[in-house]
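Asks: Quick one, structure for this:
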Amino acid sequence: MSLIGRLEEEVREAMLARDGARRDALRLILSSLKSAEKDLQRPLSDDEELQVLQRERKKRHEAADAFRSAGREEQAATEEAELAVLQEFMPAPLSEDDLERIVDDAIAENGATSLRDMGRVMKDVMPQVAGRADGSAVGQLVREKLA
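Replies: This is a model prediction of the structure:
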């Protein structure tokens, strides 16, 4: 079953359970996926679905941070609740050891020896960790390994 099909089923279940917050969060995610599909005028691939989910996750993080810094805890909590629902549909995050192994392999494969080679290493690593690790954390790890 496609992600959109799964989300539609989850919306139905949330409606039957009278879980308004979950229903609304699922509808937002579903709307984003359908909008991306409409823009491309074709069904989304798994990678494209993941990109949409990542974009939505980033929006929720930024919104929660903005609300919190403005002293609006209730809205920040709502954003974090939506984020928790969104995380259910994201791939499982990589462990620190797995991420380190992937980075080490990419460094060895590229023969990277200095920070000047960081771009090549990141180009190799990012497709392997897409959606399962934060890009800034990966960049920091690569920087530490090459320094």
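
Asks: what about the helices in the chain?
Replies: With DSSP state H as the criterion, the chain has helices at 3-16, 20-40, 46-69, 73-87, 96-110, 118-129, 135-146.

Asks: what's in contact with the fifth one?
Replies: The list of residues contacting helix 96-110 from outside it, by C-beta atoms under 8 Å, 6 or more residues apart in numbering, reads 94, 112, 117, 120-121, 124-125, 128-129, 133, 137-138, 141-142, 145-146. No exception for glycine: its C-beta is placed from N, CA and C like everyone else's.

Asks: excluding its backbone neighbours, what's nearest R55?
Replies: Using C-beta to C-beta, 6 or more residues apart in numbering and skipping the chain neighbours, the partner closest in space to R55 is S32 (7.5 Å).

Asks: and the one you found, how many neighbours?
Replies: When counting by other C-beta atoms under 10 Å, one arrives at 16 neighbours for S32.

Asks: for the residue nearest to the spatial centre of the chain, what are its contacts?
Replies: For the chain, Q54 is the residue whose C-alpha lies nearest the centre (C-alpha atoms, centre = their mean; 3.0 Å). Applying C-beta under 8 Å, 6+ apart to Q54 gives the contacts 90, 130-131.

Asks: Narrow these to those in strands?
Replies: Under the assignment DSSP state E, the contacts of Q54 contribute nothing to strands.

Asks: Now the residue lying farthest from the centre of the chain. Nearest residue, chain neighbours left out?
Replies: For the chain, the largest distance from the centre (C-alpha atoms, centre = their mean) belongs to T113, which lies 29.9 Å off. Of all residues not flanking T113 in the chain, L146 sits nearest, at 7.5 Å (C-beta to C-beta, 6+ apart).

Asks: Looking at that neighbour now. What's its pLDDT?
Replies: The confidence metric pLDDT takes the value 81 at L146.

Asks: Test my guess that it contacts G111.
Replies: No. In this structure, L146 is not within contact of G111 by C-beta atoms under 8 Å, at 11.7 Å.

Asks: Mutual contacts of these two, please.
Replies: Listed as contacting both L146 and G111 by C-beta under 8 Å, 6+ apart are D117.

Asks: which of those two has more neighbours?
Replies: L146 (16 against 8).
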